[in-house]
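Student: can you look at this prediction? I've put the sequence above it.
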Amino acid sequence: MSYSRTHNGAGVIPGIYGLMAEFATMAELIEAAHRTHQAGYHKAEGYAPYPSEELAEALGHHHTKVPLIVLIGGLIGACAGYGLQYWSQLLVYPMNVGGRPTHSWPAFIVPTFETTILFAALSAVVGMLLLNGLPRPYHPVFNVPRFAHASSDRYFLVIESADPKFDREGTRRFLMDLNPSEVSEVEH
């Protein structure tokens, strides 16, 4: 393989997804992630056997759109729940039960609350799956044989070739300066 910095129109080196560095401890991975983010690499991802909020912060993943998606889902659920009751009780099938008005909003509160929770929960699940790109049965990092240890006892940092600062040799030297146990190319 050539180690030249040849990009296609999208800014990605053909055939290579990125470079992967392997670390023995979470502390080493977090330190490497901090240094990677400070060096200006923004398309980087860390992999560990367990979730780590500190790792996400070190990589610069501070903001998520999931709370906004949940809020919008909850508001749609509240409107849908209240609207369904209003439509059925006032417009389609009005009934006068016990002399109460057809638009008895206190009776609408509990079903409205329940549909709010239902829509918010469903939007949280769907939003999380979509924003994480799931389900993903295949990812290029699976091409590196050592990555099988990511679910048991090893920690990995991947810098994608789509990063504007990515240079095959320069990025490899940068990763080697982080003292990993190994640096591998990740092919598509």
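Tutor: Everything's here; your move.

Student: just the residues contacting stretch 20-36, thanks.
Tutor: Residues from elsewhere that reach stretch 20-36 (C-beta atoms under 8 Å, 6 or more residues apart in numbering): 44, 46, 48, 52, 54-55, 58-59, 141, 144, 146-147, 149, 154-159, 174-175, 178-186. Glycine gets a C-beta too; all of them are placed from N, C-alpha and C.

Student: the residues you listed in helices, which ones?
Tutor: In this view, the contacts of stretch 20-36 that belong to helices under DSSP state H are 54-55, 58, 174-175.

Student: please pick the buried ones from those residues.
Tutor: 55, 58, 174-175 (16 or more other C-beta atoms under 10 Å).

Student: max pairwise distance over those: which two?
Tutor: L55 and F174 (18.4 Å; C-beta to C-beta).

Student: helices or strands up against the host helix or strand of P67?
Tutor: Taking DSSP states H and E as the criterion, P67 maps to helix 66-86. For helix 66-86, the packing partners by 3 or more C-beta pairs under 8 Å, 6 or more residues apart in numbering; DSSP states H and E come out as helix 105-131.

Student: what is the mean pLDDT for the helix it packs on?
Tutor: For helix 105-131, mean pLDDT is 96.

Student: which helices and strands sit right next to that helix?
Tutor: Using 3+ C-beta pairs under 8 Å, 6+ apart: helix 105-131 touches helix 66-86.

Student: domain-wise, how is the chain divided?
Tutor: Domains of the chain are assigned by automatic domain parsing as 18-63+139-187, 66-131.

Student: what's the span of the shortest one, first residue to last?
Tutor: Domain 66-131 has an end-to-end distance of 8 Å (criterion: C-alpha to C-alpha, to the nearest Å).

Student: same thing with stretch 93-106?
Tutor: End-to-end span of stretch 93-106 (C-alpha to C-alpha): 19 Å.

Student: for it, give me every contacting residue.
Tutor: With C-beta under 8 Å, 6+ apart, stretch 93-106 has contacts from 86, 89-90.

Student: ditto for stretch 154-162
Tutor: Under C-beta under 8 Å, 6+ apart, the answer for stretch 154-162 is 10-13, 16-26, 28-29, 32-33, 36, 41, 43-49, 141, 146-147, 150, 166, 168, 171, 175, 178, 180, 186.

Student: right, and the helix or strand after the strand ranked longest in the chain?
Tutor: In the chain, with assignment by DSSP state E, the single longest strand is strand 16-23. Downstream of strand 16-23, the next assigned helix or strand under DSSP H and E is helix 26-38.

Student: how many residues are close by S184?
Tutor: Neighbourhood size, S184 [other C-beta atoms under 10 Å]: 21.
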